[in-house]
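> My questions concern the predicted model and sequence given below.
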Amino acid sequence: MIFSACILLSVLAAFFDQPGLLFVSCSLGLFVLFRYIYFFHTILKIASSCSITRKVEKKHFHQGNQIRVVLEIKIHNPDNFQVSYTEILPPGWILAQGDLEIPICTSEEHASKLTYWFISMIHGIRGFVGGDLIISDYFFSITLRLSGKKYSYPEIKIIPVPLFEKEDKITSFIGREIDQLGLVHGQGIRSFREYIPGDEMKTIDWKMSAKYAKLFVREYTSLHFKSPLIIVDLPDIDVNENDDRFIIIVRAISGIIDKALKRGTKLSLLVISGPNIIEMLIEDHNWNNLMELVRNKFHPTSRLHHLYRVKQRSLIRKEIRDIMDISDIPDFEKEKNYYKNKVHILHKILLDSGMTRFSVQITRLLGIIHPDEVYLYSLCSGDLSHIEEIINQTRYQNIKFQLKTPLFDHPESVAQLGKIIQSEKIEGVL
Amino acid sequence: MNFLQINLLGMSILTAGTLVSIAFVLNMWYIYSILLFINFSLWIKSLNNTIFILPFFFSGILLSFAAWFASPWISMILLSSSFGIYQFNEKLVQTFRERVFFLIMIVIIILTGLVISTINRVIPTFFLLFSLFVIIIILSRISEFRLQKKYSGDKE
């Protein structure tokens, strides 16, 4: 605006031959020039005072895994200047969570913190590429690309993982291939690593070794021989007394028992109704026992206990973590006492209440059997808090979970299930 | 009124005022009173609403141009005070460094005014100052480019 006024006045001065106009236009030009010199002088100071540190959990990561980065940036920032920093991810890295832009606070004592998660799609040793420091004052703005060696630490080693390999393969006679190292290895490749003297020659992947001019070795999945745990959630008699859909579940379970016994494999069956454990059979292969259980117990029952009144411990812990994260921000100084008291109360609840009986029993059971997979057959109507608890326990113990429900096609029940399910599979029962 | 409208108003006052001043160049005495009235009313308005500071700044420039016909010194004083009020109002002169820069700027503005009033011819002075500005802009672009290069790691 001022610069355009300067040009306008200088043109008028030349046109009308007025030295007074030339004087005012020159003064405006000088004003803009001096502001620019001051701006440039200040950005030199800001840029030289800028220090960036990045903290990464580990130095080695598997390709495709989420990596958490905490970036701290310290800058000496004069009051009239707005400074923000935008982190740039190198090609092949995808932002998974968080934000890459951060406004930098003016005080020198507090470093500005930026936390984000990214996924690397490419393997190899890679460093960060830095970011853009955007400095602006009342008149000017400049974007400085901070991508020198000083700003690209630390280097991360991304270990290759075969992307197109199936996660698990079921080989009915031998066992199940899982993504862990084991003595008996299967057919699937779980990752690649550099050759260490002593590795078998036949495990060397020659194609990848030729590509990177280094010897790479294939790591195979291992074979496990464990039966799955089948949980049947009986419907509440008060809600679903004559529900035909439960008959579909009973028929499906009978079919599974028949198939498993014909194959000669053992079955673990747990019958629950909400958070009430009704009956349990561990690694049984007696057809009579299993079918008797189906005949006698597979009916809607009355639920004595419900879990929906009890807040989950994991949720309480998450709330505490969230408060801790917020309380670090200087803007929340005033509410500090409130948050302090809240954390104190939540800690007390965690100490006093303990785990629910149902949670303890499920944890123990999963600990004893330690199945590869858990299948839960349920109508998924009404309260789902017990299903959420089972899912949480399987997540903690890294066990695959599959929910099977005849209400799979109903949009309402799917929306309800979406709240408790993350990456677990849901399938229909036919 | 939004910021753009206010700025347009300021620019139109500046342009119209300049043309009117030139039209009455031989008999300026009553133009001063009109310009002073506009200038002071905009200043008073800007005390309550800071958005009026830019029109005030432009009317100050106009007043300084009109004052040039009376005496270049009055023009310099009016222009310096307009710059001062504008910068203080926008909180652009707060640190010690900013004050030093402001004082140097005022001194250079006065020196430029003296040069222009001494030469008293527009076209040669215009070309001289224009070439100086071009050189300074080129130098500033070069230093900005060097700064970019320094931090982007090419020089390291």
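Structure received.
> Helix, strand or coil: sort out the residue lying closest to A:Thr356 once chain neighbours are set aside for me.
Closest residue to A:Thr356 apart from its sequence neighbours, by CB to CB, 6 or more residues apart in numbering or on different chains: A:Val310 at 5.7 Å. From N, CA and C alone the C-beta is placed, and that goes for glycine too. Here A:Val310 takes the coil state, with states given by DSSP: H, G, I helix; E, B strand; the rest coil.
> pLDDT-wise, which helix or strand of the chain ranks last?
Just going to use chain A. Lowest on mean pLDDT, DSSP states H and E among the helices and strands of chain A sits strand A:170-171, with a mean of 44.
> now the helices: where do they sit in chain B?
Ranges of helices within chain B are B:3-23, B:29-48, B:53-68, B:72-89, B:96-119, B:122-151, based on DSSP state H.
> Could you identify which of those helices is most buried?
Sort those by mean neighbour count, taking mean count of other CB atoms under 10 Å in any protein chain shown, and helix B:53-68 sits at the top with a mean of 26.
> how about that one as PDB, C-alpha atoms only?
Written as PDB, here are the backbone C-alpha positions of helix B:53-68 (Å, rounded to 0.1, in the frame of the first residue of the first chain):
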ATOM      1  CA  ILE B  53      -4.300   5.700  11.000                       C
ATOM      2  CA  LEU B  54      -3.500   4.900   7.400                       C
ATOM      3  CA  PRO B  55      -5.800   7.600   5.900                       C
ATOM      4  CA  PHE B  56      -4.300  10.000   8.500                       C
ATOM      5  CA  PHE B  57      -0.800   9.100   7.400                       C
ATOM      6  CA  PHE B  58      -1.700   9.800   3.800                       C
ATOM      7  CA  SER B  59      -3.400  13.100   4.600                       C
ATOM      8  CA  GLY B  60      -0.200  14.000   6.600                       C
ATOM      9  CA  ILE B  61       1.800  13.300   3.400                       C
ATOM     10  CA  LEU B  62      -0.600  15.500   1.400                       C
ATOM     11  CA  LEU B  63      -0.300  18.300   4.000                       C
ATOM     12  CA  SER B  64       3.500  18.000   3.900                       C
ATOM     13  CA  PHE B  65       3.400  18.300   0.100                       C
ATOM     14  CA  ALA B  66       1.200  21.400   0.300                       C
ATOM     15  CA  ALA B  67       3.600  22.800   2.900                       C
ATOM     16  CA  TRP B  68       6.500  22.400   0.500                       C
END
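> From the chain's centroid, how far away is it?
Computed by CA atoms, centre = their mean, to the nearest Å, the chain-centroid distance of helix B:53-68 equals 8 Å.
> got it, and stretch A:254-274?
Going by CA atoms, centre = their mean, the spacing between the C-alpha centre of stretch A:254-274 and its chain's C-alpha centre is 34 Å.
> Quote the end-to-end distance of it.
Distance between the two ends of stretch A:254-274: 21 Å, counting by CA to CA, to the nearest Å.
> how about that stretch: buried residues?
A:Ile256, A:Ile257, A:Ala260, A:Leu261, A:Leu267, A:Ser268, A:Leu269, A:Leu270, A:Val271, A:Ile272, A:Ser273, A:Gly274 (16 or more other CB atoms under 10 Å in any protein chain shown).
> Name the residues that touch that stretch?
A:172, A:227-236, A:253, A:277-285, A:287, A:290-291, A:293-294, A:297-298, A:300-303, A:305-307, A:365, A:369, A:371, A:383, A:386 (CB atoms under 8 Å, 6 or more residues apart in numbering or on different chains).
> could you give the mean pLDDT of it?
If you average the pLDDT over stretch A:254-274, you get 83.
> now stretch B:125-136
pLDDT averaged over stretch B:125-136 gives 83.
> quick one, which of the helices of chain B is nearest to A:Phe3?
helix B:122-151 (10.6 Å; CB to CB).
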